[in-house]
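Chemist: A predicted structure for the sequence below; I have some questions about it.
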Amino acid sequence: MSVTIYHNPACGTSRNALAMIRASGEEPEIIEYLKTPPSRGRLIELLRLMGMTPKQLLRQKDTPYAELRLYDPRFSDEEILNFMMEYPILINRPIVVTEKGAVLARPSERVLEVLANPDIGDFVKEDGEVVRASFRR
């Protein structure tokens with residue numbers, strides 16, 4: 001199965017999702033989205049696949065979200081997309097795409113929803129939390 005992760009190696013949630021993908025036996029295509037942001041068209045496609053709006057994908061923490069006043073409801077989806085193109089850090093992560101679909105893997109165990117082999121047993125996150133990854137389809 002083809003697996004792509006839009007990844008930020010500085011993010012623990014993203015690192016955990018990547019580790020779960022690898023624990024499932026897959027080696028994903030890793031796109032460090034801050035270095036290689038998705039095109040506007042690709043971002044729109046990812047949103048469609050995840051069933052999300054641009055506002056739902058906005059990252060608030062450690063971004064210019066407050067400075068740009070993106071909490072203001074006057075901003076349209078198109079305007080939010082423009083901000084995401086200008087400031088890719090506003091795109092929440094990790095986003096994982098497979099043939100089974102796409103998810104914003106927050107929490108990281110959401111990645112199991114789109115993996116071919118989600119039964120990775122017990123997985124210990126970086127913070128010590130244990131994920132019981134016996135996935136029920």
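Modeler: That came through, no problem.
Chemist: how about the strands in the protein?
Modeler: 4-7, 29-32, 95-98, 101-104, 121-124, 130-133 (DSSP state E).
Chemist: what does stretch 4-11 contact?
Modeler: 14-15, 17-18, 21, 28-34, 38, 46, 91, 93-98 (CB atoms under 8 Å, 6 or more residues apart in numbering). For the C-beta atoms, the positions are set from N, CA and C on the backbone; glycine is no exception.
Chemist: repeat the analysis, applying 7 Å as the threshold.
Modeler: Stretch 4-11 is contacted from outside by 14-15, 17-18, 21, 28-34, 38, 93-97, using CB atoms under 7 Å, 6 or more residues apart in numbering.
Chemist: about what we covered before: save the strands of the chain as a markdown table, and put in mean neighbour count, distance to residue 77 and mean pLDDT too.
Modeler: Output for the strands of the chain, formatted as a markdown table (neighbours: other CB atoms under 10 Å; distance: least, CB to CB, whole Å; pLDDT from 0 to 100):
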| stretch | mean neighbour count | distance to residue 77 | mean pLDDT |
| --- | --- | --- | --- |
| strand 4-7 | 23 | 19 | 98 |
| strand 29-32 | 15 | 23 | 98 |
| strand 95-98 | 25 | 17 | 98 |
| strand 101-104 | 20 | 16 | 98 |
| strand 121-124 | 12 | 35 | 90 |
| strand 130-133 | 13 | 33 | 83 |
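Chemist: okay, those strands in TSV with distance to residue 66 next?
Modeler: Output for those, formatted as TSV (distance: least, CB to CB, whole Å):
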stretch	distance to residue 66
strand 4-7	23
strand 29-32	25
strand 95-98	23
strand 101-104	21
strand 121-124	34
strand 130-133	31
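Chemist: compare those strands and give me the one nearest residue 55.
Modeler: Nearest to residue 55, of all those, is strand 101-104, at 12.9 Å by CB to CB.
Chemist: that closest one - contacts with which helices or strands?
Modeler: helix 40-50, strand 95-98 (3 or more CB pairs under 7 Å, 6 or more residues apart in numbering; DSSP states H and E).
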